[in-house]
Each structure stands twice: as structure tokens, then as C-alpha cells.
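Enquirer: mind looking at a prediction? Sequence and model below.
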Number of protein chains: 2
Amino acid sequence: MSVVRYAPFASSVDPGFWHKLSAKKLDEYGLDDSARCIHGFYTNGSAAGIAPFVTVDHSAFSSEWAPPRRSFTANGVLYVINTIDKFKDMDKKALLVTESNKLWENIKTGAVLQSPEKLCPFVLLTFADLKKYHFYYWFAFPALKFPEKPTSFTELPVTLQQKLSEKELACLVSAYDTFQNNLETFSGFFLVKQTGENFVVDSFSNIDEALASNDTVMIGVCDPSSVPDHPGWPLRNLVSFLTYRFNGRLKTATVLCVRDRTQDGVRDFGNGLVFSVELIPQEESALAAVPECVGWEKNERQKLGPRMVNLSGCMDPTRLAESAVDLNLKLMRWRLLPDLKLEKIAATKCLVLGSGTLGCNVARLLMGWGMRHITMVDNSKVSYSNPVRQSLFTFEHCLQGGQPKAQAAAESLKTIFPGMKSEGISLSIPMPGHTITDSMLQQTQADVRKLEELIESHDAIFLLMDTRESRWLPSLVAAAKKKIVINAALGFDTFLVLRHGLKKDGVAMEAGNSVNMNRVPGCQLGCYFCNDVVAPGNSTRDRTLDQQCTVTRPGLSMVASALAVELLVSILQHPLGAEAPADTSSSDDHFLFDSECSLGVVPHQIRGFLSRFHQILPASQAFSMCTACCPVVLERYRTEGFDFLLRAFNEVGYLEELTGLAAMQDATLDIEVLEFSDDDDDLSLETS
Amino acid sequence: MSVVRYAPFASSVDPGFWHKLSAKKLDEYGLDDSARCIHGFYTNGSAAGIAPFVTVDHSAFSSEWAPPRRSFTANGVLYVINTIDKFKDMDKKALLVTESNKLWENIKTGAVLQSPEKLCPFVLLTFADLKKYHFYYWFAFPALKFPEKPTSFTELPVTLQQKLSEKELACLVSAYDTFQNNLETFSGFFLVKQTGENFVVDSFSNIDEALASNDTVMIGVCDPSSVPDHPGWPLRNLVSFLTYRFNGRLKTATVLCVRDRTQDGVRDFGNGLVFSVELIPQEESALAAVPECVGWEKNERQKLGPRMVNLSGCMDPTRLAESAVDLNLKLMRWRLLPDLKLEKIAATKCLVLGSGTLGCNVARLLMGWGMRHITMVDNSKVSYSNPVRQSLFTFEHCLQGGQPKAQAAAESLKTIFPGMKSEGISLSIPMPGHTITDSMLQQTQADVRKLEELIESHDAIFLLMDTRESRWLPSLVAAAKKKIVINAALGFDTFLVLRHGLKKDGVAMEAGNSVNMNRVPGCQLGCYFCNDVVAPGNSTRDRTLDQQCTVTRPGLSMVASALAVELLVSILQHPLGAEAPADTSSSDDHFLFDSECSLGVVPHQIRGFLSRFHQILPASQAFSMCTACCPVVLERYRTEGFDFLLRAFNEVGYLEELTGLAAMQDATLDIEVLEFSDDDDDLSLETS
């Protein structure tokens, strides 16, 4: 008698599956490589010459799985392995042992009666190189070696066309459709009973009763194979099931393979097969042990081995970049910081005032942390000395008189990462001491309004400009609007990075000793101007070349920019946000610390001294007479708006009078205020 | 009688002058704005309608000044003012007073007899905005108001053509040429004696004798004016001189203005003028006081005011960029660090091994410090996750499978600054633990040779790769070739920057307590591997995604890169170079230090902890059993070359055996070596 040979399943992986897998790995699995359930499907409609495929696509991960119409479910187990070496080293045999255990259990318990798709399991072993978008994978379609001896036909296959009359065939199709259409999803296994010319198709779960009856019952299989005389893979485990379940009771089983093809637009059931197979009686001992299992798929070279698909070429590069960029960030969360608030960080809209060395580096780092909404502001053009230090500009930006810096920087961010929502705004920030003449009034008013809108529409404001006085207006407006402000300024080899205190309404800002200076609450911290006892004035007049240019050690800007951005991220990560108390503990003990923020301490100021490769973390309290953030200044700004600002711009001494600084100045000991004043030679501000 | 009116000088500034001025300011003047001597010239050959120009060009600053042929010297005083405001505020009147003092002194002392060009001084007041290549300038051609009363003609001008026969004119030309050709440089002032049809031209210095004789002596002036009837500016101070010197002795003087034109290719002296002027007798009192002075040039709008020329558009942009980039660096030297060795820094050839986040940032900063010769090395391609953190790459570099990183980085450096001599080399660095099979042997040998050549041809080697073991071979080769090595590695929020000790031959490397650990000499410092008690091995096998990728806080790379570059620059600036002792003093006292290097301390290691915004500066000594730099390893490398390396790559335990580490391992207390081992979780290396 002729031995039954089964057309094995081949795998078909839709690119959508790999996209979904990438997303799942990034967002959900992380480094967890345990087994996961996925879903695939096959059809019984393949045209002649087409291999029987199990397909997985984007829907494979769906918790509300249903196969496409006229397709049949194959449930799989997915392994997402973390390294190529571990992928290669996986014990393939052991994986199949796991599967054969499950399959055998399902056969023994009869679980396949209710869920006959359990006879078509698959295993998908993957390694996803998400940096390169290379996906390594290997499918197995486990089939039990049970019975051990090959099964033979007791009646050789004949096609339905040969076997049945035209009328009978039509009745079969009708009965099949009726059966399947009554199910939620099509079933690949069923029972077929013929009475005269008539057919009844019944649920597979009734097989015990059906075979016990005297009726002629055929076991129906939706057959993915398109090979004449060779049924497909699903029959193989079905034979194992029948052999086990009816051991000794049945000698043969008649099988009807439905091949539901459409030929030239006409449905054609005629290629289906009918045949009988022997059910070899088994010793009890053979039923006790779990049978062996086979089924690893051969690759393109017809060898047992994994396949690789490189999707980097055929995927949308912009989307590729998006997920690649996400990857680096998510990796931090996976292993190191499970509580890292990546979404909060990514959603933070940043306004970068000043697009010089600090501005360019800060914008790059914000992008590196996943921020997408970055607005660059500057009022100058790219000059030839800029690109070597200002990391968003190239020589091209300098030609023809130079492109506007803010726009050039914003465009560069997009050339680095197309997913950026970056914008560049040319804007001059009005400053105290820079008199507003009548002819400038309208423009100034528009500039103030623009700045107010920008600060309103962003979450974090970076002050990275080249003069002290240009920081006054944004400091004031940001304080009034309660925005996070990060300030950075460079000297020749020293730098200052600080966050402005985020004032709470109604909280007194009295300086005093009642506060533990190792832990000043965020709402009591000073701003950039809180250390000063003079109002900002015109510092640009009469500056020599070394004061106009960035006379700073080149490395300084990268250090200060990095710390400014990391300070912002630490604030965002802290449970209290901008109200996080300032920690000055770095100097106390190098190796032990305890912080509420998983990224570490959240200092008020970082002052760095490159000549000694050294940093300190002082904290200072808000000053009740600060020209930028004290209550009377904020109050005047709220009530008088632009009129107040105009007086501050034009009237020498106005802010000092208003705040009470003027009255205090005589009584102040210079020594108290000079210590870290920005008038120090080595803390002169960085210029664009 | 008709009053003499003089055609005033106009200024003509060749762009070459501004180039030279820019260079002088950058290289020599700095912020010193004191008066400087420069040279200009004028001709007496202007065609009709051409203004009489004093021209300054690139030669104006020459110490071996000579005017072009047939031109006459005008010596000037140059002021290079440092700010536009100071430029505007300069006391123009006071400047002319200074000039009139000099001029009057030269007249009174008779200094003009030997150097009659002293009658044609000029003043050039400038402000050079070297960031924008805008040059503001204002010329004065000082002329004494002496006598106070306008001078009148006593004989009106007639042209030489009218006055002289053809023969006489030819004789005059001949005599003039003979006179001038005998001089080293042409003189604008001389004496002319006519005898019959013959002429003799004599030196201006003989004027006393000549005018005392009874001969008819004309005073010759090379006349820049091309206006009929109006002599040019040089005559004006000449009349002052004559009036002073011959006060009361001469009533008139006859002047011969030579206009040495070429018309239609033919020399034409005929436009010269002859006339007599009155020499108004002066009171003694009028001779005592210094006369007033006039002469500021009018600008394009015919107003007394400065001119501005914008050369940014017409200069070669590449050269503009070159000098703009120089400017920032030189500014440091001008005011802050007069001993800054910019040339030494610029001449340092840097080899950057690894073109990832560290490599890109390091290359940018080297460029910022003026390094031009930078070679980038990497063996991978730009992937989509790279550009947001690796600052020399853009989205474009990722397409089509990604460009080779090293080449892309090197090209980017040129797009930033065209003056870069940057090259990118794709190279895999052979590593211990990564077995070299026979089929790889030839390629490995070529790779080793290439790396050796690269290290040989560079001065400073940056080790910025993604694995520990890839640093072994370059550490060893650089130690053998005695190159400066800067090493940087990143953890998640910690970093390490260190310089390798530069071993001296014959200096024992015994670790011990005999050295003051606050000041370890550069030749006794350890390398990256000196802290380790195991040889480097294959660490890339089986790395999970978070280990393959750069799982580090984005700011970290900028900080570490900046400190790595600043450490190199500090080494270069230190009088002892790489032998500079390691200073660990940052932790002792924040505000006082004393260093031999004007940039500050030169530590051995900088270890940073971003979670605490903190850095420490440990120093450690070379280890006598170091697998990369101890004497026995260096000796084997020198004598056995590649054969030795091959054993190190392939043979597990070979380096440990060779160095004696194997024997020592049992006896070693783990606690001693784990403290800062790179196997610490948080100091896992950064990857490309």
C-alpha cells in the first residue's frame, strides 16, 4: 500500500508583522524573551503549484483574533530572542519537545475536539535587529511522529470531480458553506455525512458519536495543499489524533480534503480529494510516552536553518528613523529605569532662546531625549565663525550674507531627524537699557507679544542668549506664566547652568535661614537675576571684539548644554517636577545618595570650572527685590502689561526704584553680591 | 589776484589692505589700539577727470616699504579701534592736532628737506568687524592752515605745453627722468633750474642754496591733480613750508607741477603747470604757535563721516571662514591667555578611533580648537538611530543602507569648515578574544598594518570605540610609538575620560607608594588596561539590545567628549606635554590652585557621575603586568610584531601568562580591582 506523504506548510510573513513586532518589542516586551501567543492563518484555496502557506501579518498579535474570510486559524508561539547568538544557540529540539507536550496533551484530553485548530500549531523563533531592521526568523510546524510507522492509504486518493456527480458536488459545496457560515470563524476540521446525493457537514466535536454510528462518515479537512494526491500538513496531526482516540476501535478513516479553489472566476471544489488511511493499532506503552515531534521549516537554500529579511530598504525611511530613535530611549527604560517618563519628556515643548553654541547643542540634546517640538529663536544670521562651534550650522549657511540662525537651526534639526516639529523664529528680545524710541514702539510691542505667545505655548524655556539683559523679559514672562526656565551662560572656562524657581502664588519669597540650604524647595529657588542688586542694563555698547565673540574654551558649551538639558530631564522625571527641592549634596559623599528622582539629584545651579574639571551645586533662594521675579514686578507686569515693560526698557533706575533695590543698595555689603555676580570677568556671557 | 585752490586727495583702499589688516589684528595687534605706521602712495599720472588718490594696499604694512614705480610715498598713521562705539567717539580734532604737531615740527626742524614726503602725511582710522567682514574707516590728509590767509597766484597757471617749446619739454622730461631714476624711490618734491633750453632737476634738500642763488629756480611738485588750473594737495603743505622757511626773504615762489600722463600710449608732460604763488610774510607770533590743521575726507554722501566696506560678499568664502574661525581662537590669546599655544594645538594631527557619539563630538571640538588634520576611523555604517546622537550625521546618511561612518563623518567636517583636512577610514580593529581564522589572516595583517601607519602618522590618538577589547591594540601600538592617547568610555550616567601615561624608556613602572598620588608624573601614569587583572576578551558576543546600543543619558557623550578634548588641549598647553604630572587637586580646594599649565590642572582621569552632576579626578600608576603597556608586552610587540599580536588575538590566557597576571590572579583581592573596573554595570562601554 502506498504511504501518505503530506505537503508541508511554508511560512509567509507580511512586512506588517515585522513592523508590529518591532513596536511590540519596543513598547511592551523589552528584554523579556518569554513565549508569546500569536495567530496565523492558512487557506484551502491555493491554485495549483502554490505552496501551502501559513501567513502571519500585523494582526498576529491581536487579542481579538479572527482569520480573514475563508481562512483558517493556526495559533503560534512567538519567541523574541535578544541576541543573535542566543537566537543561534536556542535548543530547537527542546522547543519542539515543548510543543509536542502541548499537542499530545490536547490530543489526549480531547481538547482538539472543541478546538481542532490546535492540530495546526506553529512556532516562530525571531531575533529582531532593530538598529538595522534585519529580522532573523525560523518557523516550525510541529507534527507528531505518531504513529511511528508511516501511515498508508487504504484507498488511494481520487478527486471529488472523479468521485462525485455534478449534483453531489453542488450539494457538498452547499452543505460546507452552510456549516462554515454558521461559525464565527471558519473551521479547518469537520465531519461529512453522505445520504444519497445529499451531504451534511457537522462539527468536528461530534466525531465520537459520528464514528460510532453506522453512517458513512468522512472526516473533513480544509486542505491547504494544491498537490494532486498529496494532502497538506493539517492531516498529519489529525491522523495522530484519530490513531490515539480510536485506537483499536477503528482500522481506517475516510478523509475528505476540501480544496476551495476559484478557477477563471468560477468556484471549483473538484480538486478536493477523498481517500482512506489506515489507523495503525498502538500498544498501550506507545500511548504513554509523548511522541517525538518534527517540523522545522527549511530555508531558501533548502536547509534546516533560519531566514533573514532586511526591511531597511523597503520601509519608509522616515518611519524607520522614528522607531530607531525611539529604540535608544526605550532601552534605557527596559533595563535601567523602568519608571523613566519617556512620554512626559517627549511631550515637553521646548523654547530655545538663542541659537548659538549653547542653543545648537541644547536643541541636539533635546532631540536626543526624544523631544520633538523645539522652537529656536534668534535675531542674527549665521556668520563664518559660527559653524565650527555651533553644531547645527554648516559652511553653506554662511554664504550670501548668512541665513537667519533660528530658521537654519530649525531646518537642520529636520535634516537630522525628519520627525522633528521644529520651527525657527527671528525675533529681537527687547531689553532694559536698550531705549525704545517712538519709531521702534510698534515693532517692540509686536516683539513682546510674540515672545509672550511663544512662552505661553511651550513648557520649558531655555535662556541661552548672549547678554544678561536679554534674559530679563523672558525670565519675567516665564515667571508670570509659571513655566520651567533653564538658564545657561558661559565664561572663558567657567559656566553657569540654573533652573529658575517656579513660584507658587501666595508663597512668601523671603530670603532667610529658616530653610535647609541643602534642600531648598523648588518654589523658593531664585532666578537668574535674584543674585543681582542692579537691574540689567545695556551691556553690549562698547564691547571689544573678545567680548562680542564667544571667547570660551570650545568644550565648555557642550558641557553646559548637556547639563542644562539633563537638568531639565531630571526636573521632568522628578515626582514634584519643577517644585523638586534643590539638592546640593554632590559635595558631601560621592558614592551614596538617596534621591526621589531616579535620575539622581536635581540641583538649583551647576557652576563649572573647566580649569579644574570641577563642578559645584550651589542653591540660592528667590530674592524679594529681584528685578525679574519678585511679587511687585510680577504684579505690575500683570496689571500694566506693555506699559510697565516700556518703562523698564527706557527708564534708567525704574526697576531699582520699584523693587526697593535702590533704597537697599547703599546698605549692601559688596562682598555679599560680588561672589557670583555675572559681572565677574570669567562669567561674561556667551555671545551668539 | 586769484586764490590757489587745491584738489584734495581721495582715498583708495585695495581689498588686499583689509585682508592684511585683518591678519595683523588677529596675529599681532590683538586689542592694542595704539597708532601704527603704514604706507600709501599716489601718482602724478592720473588721466583727466580722475581724482587724485592716495592708495593703500596689502604692502602698506611692509617694513621694507617702497612705492610702486612712478608713484610717491605718503606715510600714514593707522588706528585700529576695538569697538564701533569707540570708533565713532574718537576725537577727530585731537587726532589732527597730533598730526599738525608732527607736521609743524618737521617743517620747523627742516626734516622735510631730506624727507619731503613728510609733507604728505595721512591718518587712517579704522574699526574692523572681523565677524562680519565689515570695515569702517576714515581718512584724513592733514593740511596746515598756515598761512591763515589763503594763498594767491602771483602768476596764473599755464600748462607746460603752452609754456615750453617742444624741445624744452623734451629736455625737462629727460632731466626729470634722470633725477628720479637715480633715486631709490621716486620723490614727489624737487628743484628745477632752466638754463636756455636745458633743464637741471635737483634734490629738494638743496632748496636753501638754490633759492639763494640768482638762478631761476622752480620748485617741482609731482602733482596728483588732473584738474586744469588746480594743483593737488601736496602743494598745500609745501606752501606752508616755504612760507615758514623763507619768511620775509621770499615774496613769491615759482612752482612746476609735473603731471606725468600717458595719453594714447604716448607719454605726455604737457598737462603740467607752471605758476607763481605769493609767500605771505608772517609775524613772529604766528610762527610760534602750532597752526590748525584740516583734512578729514568726505564720504560717499559728501559728508564728513566714515565709510564702510563690506567685504564678506566679494571675498572667497572659504578664506573668510578660515579667518573667522581663527578669530575666535586668537581672541582667547589676546585677552585671556597670552601664552596659549594655538599653533601647537592647530598642528596636532588627531586620529579618532570610533565615529559614534563620542567620535563625532570629539571631532567637532577638535575643529573648534583649530585642529585641521583629523582622521576618523570606524567599521560600521550610519543607521537610523545614529543622527540624533551622533552629531556629524544626518538622515541622508542613513538611506540606502547607510554610508560608512568614518567617511561620512570626515565629509561632514568639511561641510562645516572647508579648510578641514579630514579623512575617513573604514577599518576593523583586530581584538583579543576575536579569533582570527586562516581565511581572515591576510585581511587582519593588512588591518594591523593600516592601524600602525595611522598611529605613526598622527600625534594624538582618541580611543572612542564601543568595546573594551578593541582598545587593546591601539593602546599597545600607541604606547610603543609614544603617542598621546586619550580614552573615553560611557556608562548609562557615568563616564571615564583618561589619558594614557606616556612611558619613558628605562623608567621603571613599578607601582608603589613612593609617588605623591596628588602629582603622578606623566610617564608613570597608567593606561586604560592598567587597572585590569584580566586580559581583554570578546565582550560583544551575546550582548542584548541594550548592550549593543548606546544606552546612555544623551548629555553624557557631550560632557565626556568635551572633557576628552579639553584634556588633550591642556596636555598640549602644558610645558611638559604628555609628561605633565597628573593633578588630582580639584577635590581639595575649589578656589585656589597653582598650575604650570595656564589652562589649569591636567588630570590623569576624569570620572563623572551625571546622577550627581559630579566629577572626580583620580590618578593611577602604570601597572607592571598591564596587558597593553607593560615592558614585556611592548618588548614582544617590538621583536615579534604581528606573530605576537596573532597569539594575543587567538590564544585565550596568553597575555595573562606572558605578563604574569595569571600567576598573580589567585593572590589578588577582588576588592582592589573591582572598584573601577569597566566591567561594572554602569561603566559598560558606549557602542557606535
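Expert: On my side now, so go ahead. Residues are numbered from 1 along each chain as shown, chains lettered A, B, ... in the order given.

Enquirer: so what's the closest residue to A:Ala321 other than its chain neighbours scoring on pLDDT?
Expert: Take A:Ala321 and drop its neighbours on the chain: the residue closest to it by C-beta to C-beta, 6 or more residues apart in numbering or on different chains is B:Tyr384, 4.3 Å away. C-betas here are computed from N, CA, C, even on glycine. For B:Tyr384, the pLDDT comes out at 88.

Enquirer: likewise A:Glu300?
Expert: Note on A:Glu300: pLDDT of 84.

Enquirer: dump the residue contacts of A:Ala564.
Expert: Taking C-beta atoms under 8 Å, 6 or more residues apart in numbering or on different chains, we find A:Ala564 in contact with A:Leu358, A:Val362, A:Phe462, A:Leu464, A:Ile486, A:Asn487, A:Ala488, A:Val497.

Enquirer: which pair in those spans the largest distance?
Expert: When C-beta to C-beta is used, the two most widely separated members of these are A:Val362 and A:Asn487, lying 11.3 Å apart.

Enquirer: tell me the one of the contacts of A:Ala564 nearest chain B?
Expert: Distance ranking of the contacts of A:Ala564 against chain B, using C-beta to the nearest C-beta, places A:Val497 first at 8.8 Å.

Enquirer: what strand or helix carries that closest one?
Expert: strand A:494-499 (DSSP states H and E).

Enquirer: that older thread, shouldn't the residue nearest to A:Ala321 be within a helix?
Expert: No. The assignment for B:Tyr384 by DSSP: H, G, I helix; E, B strand; the rest coil gives coil, which leaves it out of any helix.

Enquirer: in contact with it, which residues?
Expert: When the contact criterion is C-beta under 8 Å, 6+ apart, the partners of B:Tyr384 are A:Lys131, A:Tyr133, A:Ser312, A:Pro317, A:Leu320, A:Ala321, A:Ser323, A:Ala324, A:Val325, B:Cys398.

Enquirer: do that again at 10 Å, thanks
Expert: A:130-133, A:312, A:315, A:317-325, A:327, A:417, B:395, B:397-399, B:402 (C-beta atoms under 10 Å, 6 or more residues apart in numbering or on different chains).

Enquirer: circling back to that earlier point, can you put the contacts of A:Ala564 in CSV and add pLDDT, secondary structure and distance to B:Ala562?
Expert: Below are the contacts of A:Ala564 laid out as CSV (pLDDT from 0 to 100; DSSP: H, G, I helix; E, B strand; the rest coil; distance: C-beta to C-beta, whole Å):
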residue, pLDDT, secondary structure, distance to B:Ala562
A:Leu358, 96, helix, 13
A:Val362, 98, helix, 14
A:Phe462, 98, strand, 18
A:Leu464, 95, coil, 16
A:Ile486, 97, strand, 18
A:Asn487, 95, strand, 19
A:Ala488, 94, strand, 14
A:Val497, 94, strand, 14
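
Enquirer: report how many residues lie close to A:Thr375.
Expert: Close neighbours of A:Thr375, defined as other C-beta atoms under 10 Å in any protein chain shown, add up to 21.

Enquirer: any stretches of the stretch 1-150 of chain A with poor pLDDT?
Expert: With pLDDT under 70 as the threshold, the stretch 1-150 of chain A has low-confidence stretches at A:1.

Enquirer: that one against chain B: which residues are in contact?
Expert: With the criterion set to C-beta under 10 Å from any C-beta of the partner chain, the stretch 1-150 of chain A comes near chain B through A:25-26, A:30-31, A:33, A:81-86, A:88-89, A:127-133.

Enquirer: ok so, going back, next, the residue nearest to A:Ala321: phi, psi?
Expert: For B:Tyr384, the backbone dihedrals (degrees, to the nearest 10) come out as phi -60, psi -30.

Enquirer: ok, A:Ala74 - contacts?
Expert: Contact partners of A:Ala74, counting by C-beta under 10 Å, 6+ apart, are A:9, A:38-42, A:54-56, A:67, A:117-122, A:141, A:188, A:224, A:233-234.

Enquirer: the more surrounded of A:Val362 and A:Asn487?
Expert: A:Val362 (30 against 24).

Enquirer: domain assignment for chain A?
Expert: Chain A is divided into the following domains under automatic domain parsing: A:10-148+A:295-317, A:153-288, A:341-589+A:599-683.

Enquirer: tell me which of these is the most buried.
Expert: The densest packing among those, expressed as mean neighbour count by mean count of other C-beta atoms under 10 Å in any protein chain shown, is seen in domain A:341-589+A:599-683 with a mean of 21.

Enquirer: chain center to it, what's the gap?
Expert: 31 Å (C-alpha atoms, centre = their mean, to the nearest Å).

Enquirer: do the same with stretch A:160-174
Expert: For stretch A:160-174, the gap between its own C-alpha mean and the chain's C-alpha mean amounts to 54 Å (C-alpha atoms, centre = their mean).

Enquirer: same deal with stretch A:98-114?
Expert: Using C-alpha atoms, centre = their mean, the distance between the centre of stretch A:98-114 and that of its chain works out at 37 Å.

Enquirer: for stretch A:332-341, same thing?
Expert: Centre-to-centre, stretch A:332-341 and its host chain are 13 Å apart (C-alpha atoms, centre = their mean).

Enquirer: touching chain B at all, it?
Expert: Yes. With C-beta under 10 Å from any C-beta as the measure, stretch A:332-341 is seen reaching chain B through A:Met332, A:Arg333, A:Trp334, A:Arg335, A:Leu336, A:Leu337.

Enquirer: ok, now which ones touch A:Ile38?
Expert: Each residue near A:Ile38 by C-beta under 10 Å, 6+ apart is listed here: A:17, A:20-21, A:24, A:56, A:59-62, A:65, A:74-78, A:122, A:124.

Enquirer: how about 6 Å then?
Expert: A:Ala60, A:Phe61, A:Gly76, A:Leu78 (C-beta atoms under 6 Å, 6 or more residues apart in numbering or on different chains).

Enquirer: so which two of those residues are the farthest from each other?
Expert: For the contacts of A:Ile38, with distances taken as C-beta to C-beta, the pair at the greatest spread is A:Phe61 and A:Gly76 (10.8 Å).
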